[in-house]
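S.K.: Build me a structure from this.
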Amino acid sequence: MPVQARPQCSPGGLTDEGRISGTWTFLPENNVPRSSAQSYDEVPFPNLPVPGSQPERLSTIAALRGMPPADLSRVRVLELGCASGQNIIPMAERLSGGTFLGIDYSAGQIAAARATARDLNLVNVEFRRLDIANLPPDLGTFDYIVAHAVYSWVDAETRDKLLAACRGQLAPHGIAFVSYNVYPGWHVHDMLRAMMLYDSRHARTTDERIAAARGLLHFLNDSLAKENPFTATIKVQLTQLMAQSNAYLLHDHLEEINEPVYYRHFVAHAARHALQPAGEGVLGIRFSDYLGSEAEERLSEITADPIEKEQYRDIVRNRSIRHTLLCHQNVELTRSLQPELLQGMYLSAQLKPQTPDVDPRSPELARFTAANDLRISTAVGFIKAALVHLGEIWPNYISFEDLIAASCERLEAGSSLSADEIRRLQDNLMQCCAGGIAAVNAGPQSFTTTVSDKPQASPLARWQAQRGDVATNRKHEAVRLEQFERHLLPLVDGQRDAGQLLDEMAASAEAGRFVVFDQQELVKDPVHARRALGIALPQSLARLAHNAFLVS
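M.R.: This next block holds a predicted model:
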């Protein structure tokens, strides 16, 4: 399943009401404060792909906001604060005709990123050790700029330079993805961060700082009074923090600088650089995270300003993280989703009918459940046919035009939809996409769900499986691998058929590289192990295909 890494965030800068500061002064008393680059060289940040920042998603949102999307076959992407490249490298591998540039001030992480690119023979991605506050004037312009987990952890001057780069290096119809921590949700984090910094102030080494911080978290978790509203709020954050890695704890909560802001202050900061919000990366195609109808009605009575409305929604949601998409202020954005924009796009949906054998020609109501337990129902034949087809072909994408044809075929051979019916289908599908029931994509999928005679997984996934239990799939998701899949994935290179894969997996098991279980019992006999592996192999290959790892 996809690994849900908590998105790192980053706002800051001068607000229209003065500086909002999350900087605390409880620095190590016996140690000279190190630069941020030294900190990341010593303990690299856990680097994972950020699905909302991928060019395919940004192109989709650009098109739905009325902007001409970038040509993905020639897309230009800049990542500010690229760390070891695990966000931008998968993009470069998928979009081989594009041009990608990653920038970071940590020499160690840039070296690691370059080594990975060399191992994968990627010639379309470059990594440069640069300071965001002093970027050279010859970088050029980019369709998409990503600044993830940077803005909150740099000083005010660098935050300002970051947004200046987003304006100066962004193509006329480009989009910048900027993640940052926001209030009011980060107030609780601020409190815990201050406690950890205070408790670790005597630490002489990084290990001592982390140990002190963890000790405090466990002390708080064990000592808070039971059945107290305050306890319930804090316990949720404590549980999440205690489960995080040392690297995350160090760079997310123990760095010298971490400055959340309110959303409206971030938007005001962006406006001073002639940038405007074009949406939120975590909301998909929705422009805003709307509350219930009654709350939205009351909100409209309070203010008509869309930025103020978003600020109130943050307060109601107690939001702590945002991934804001920015574009140039002179770009005219559509203010509502236009269903006709689905033409030429691709759709996907993990849908299951609540009753089997749905007949699109029947007048009966059909109910469907999505993967996130959202539900939809319809009695309209051509809409039922479209939803059934999307569910059956999942996780494959299908163009809107092909979906119309497939729906007509399910209804009746030779049937066709009228212009009004097509419009109605567009309306319903757009509602599904806005509600998270379906997904819309600007381009076709870059993976196959069919296991061929000699299946091939992406080179990046094979490389990652040799080094850990998390790999990036072709949908830009981090997926945790089971033991069997981790050993199988590097062998799925398009050169081996099922028999050869079985031979190599059986040899690896016999050599003790991994263990084999059958009915939860450890298998030691080689013959028994091979038989169990023979059953597991096609199932694992099917899972790799379903999880978008296979390219042929």
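S.K.: wait, is G102 part of a strand?
M.R.: Yes. Assessed by DSSP: H, G, I helix; E, B strand; the rest coil, G102 belongs to a strand.
S.K.: Give me the three-state assignment for the residue lying closest to it once chain neighbours are set aside.
M.R.: Ranked by Cβ to Cβ, 6 or more residues apart in numbering and with sequence neighbours excluded, the top spatial neighbour of G102 is C82, at 3.1 Å. Placement of C-beta: from N, CA and C, glycine included. Classification of C82 by three-state DSSP places it in coil.
S.K.: next one: the one 3 residues further on
M.R.: Taking three-state DSSP as the rule, one finds G85 in the coil state.
S.K.: Name the nearest residue to it, ignoring sequence neighbours.
M.R.: Nearest non-adjacent residue to G85, counting by Cβ to Cβ, 6+ apart: A113, 3.2 Å away.
S.K.: in a strand, that's where the one you found is, yeah?
M.R.: No. Secondary structure of A113 (three-state DSSP): helix, not part of a strand.
S.K.: what's it in contact with, if anything?
M.R.: Residues near A113 by Cβ atoms under 8 Å, 6 or more residues apart in numbering: 82-85, 89, 102, 104, 127.
S.K.: And it, how far from G381?
M.R.: 52 Å (Cβ to Cβ, to the nearest Å).
S.K.: Let me know whether F127 touches G85 as I believe.
M.R.: Yes. Using Cβ atoms under 8 Å, F127 is in contact with G85, at 6.3 Å.
S.K.: anything in contact with each of the two?
M.R.: Common neighbours of F127 and G85 (Cβ under 8 Å, 6+ apart) are 102, 113, 117.
S.K.: since we're on L80, how many residues are nearby?
M.R.: By other Cβ atoms under 10 Å, 24 other residues sit near L80.
S.K.: For it, list each beta-bridge partner.
M.R.: Beta-bridge partners of L80, counted by DSSP bridges, are I103.
S.K.: Contacts only, for it.
M.R.: By Cβ under 8 Å, 6+ apart, L80 lies in contact with 103, 132, 145-147, 150, 162, 165.
S.K.: do the same with V188
M.R.: Applying Cβ under 8 Å, 6+ apart, we find V188 in contact with 233-234, 237, 320.
S.K.: Between those residues, which sits nearest L192?
M.R.: Nearest to L192 among the contacts of V188: Q237, at 6.2 Å, using Cβ to Cβ.
S.K.: tally of neighbours for that closest one?
M.R.: Neighbour count for Q237, taken as other Cβ under 10 Å: 17.
S.K.: now the nearest residue to it once chain neighbours are set aside: how far from K235?
M.R.: Nearest residue to Q237, sequence neighbours excluded (Cβ to Cβ, 6+ apart): V188, at 5.4 Å. For V188, the distance to K235 equals 11 Å [Cβ to Cβ].
S.K.: What of N47?
M.R.: The spacing between N47 and K235, counted by Cβ to Cβ, is 29 Å.
S.K.: Looking at those two, which is more packed in?
M.R.: Neighbours per residue, other Cβ under 10 Å: of N47 and K235, the larger number sits with N47, 23 against 14.
S.K.: residues in contact with that one?
M.R.: Taking Cβ under 8 Å, 6+ apart, we find N47 in contact with 83-87, 109.
S.K.: which residue ranges form the helices in the stretch 351-500 of the chain?
M.R.: All helices of the stretch 351-500 of the chain, identified by DSSP state H, counting those that start in this stretch, fall at 381-393, 400-411, 419-434, 459-465, 483-488, 498-510.
S.K.: pLDDT of the longest one, averaged?
M.R.: Looking at helix 419-434 alone, the average pLDDT works out to 93.
S.K.: tell me the angle it makes with helix 381-393.
M.R.: Angle of helix 419-434 versus helix 381-393, following axes from the mean of the first three to the mean of the last three Cα atoms, to 10 degrees, is 40 degrees.
S.K.: Remind me what helix 419-434 packs against, helices and strands.
M.R.: Secondary-structure packing of helix 419-434 (3 or more Cβ pairs under 8 Å, 6 or more residues apart in numbering; DSSP states H and E): helix 381-393, helix 400-411, strand 439-441.
S.K.: Buried by neighbour count: which residues of the first one qualify?
M.R.: It stands for helix 381-393. Of all the residues in helix 381-393, those buried under the rule 16 or more other Cβ atoms under 10 Å are 381-391, 393.
S.K.: and D252, what pLDDT?
M.R.: For D252, the model assigns a pLDDT of 77.
S.K.: okay, the contacts of L80 in JSON lines with neighbour count and pLDDT next?
M.R.: Shown next, in JSON lines, are these (neighbours: other Cβ atoms under 10 Å; pLDDT from 0 to 100):
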{"residue": "I103", "neighbour count": "22", "pLDDT": "97"}
{"residue": "I132", "neighbour count": "21", "pLDDT": "93"}
{"residue": "I145", "neighbour count": "27", "pLDDT": "98"}
{"residue": "V146", "neighbour count": "30", "pLDDT": "98"}
{"residue": "A147", "neighbour count": "27", "pLDDT": "97"}
{"residue": "V150", "neighbour count": "25", "pLDDT": "93"}
{"residue": "L162", "neighbour count": "25", "pLDDT": "97"}
{"residue": "A165", "neighbour count": "22", "pLDDT": "96"}
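S.K.: Pick the one among these closest to Q244.
M.R.: Nearest to Q244, judged by Cβ to Cβ, of those is V150 at 18.9 Å.
S.K.: Return the residues in contact with the residue lying closest to H487 once chain neighbours are set aside.
M.R.: In space, and not counting its chain neighbours, H487 is closest to F514: 5.2 Å by Cβ to Cβ, 6+ apart. By Cβ under 8 Å, 6+ apart, the residues touching F514 are 483-484, 487, 508.
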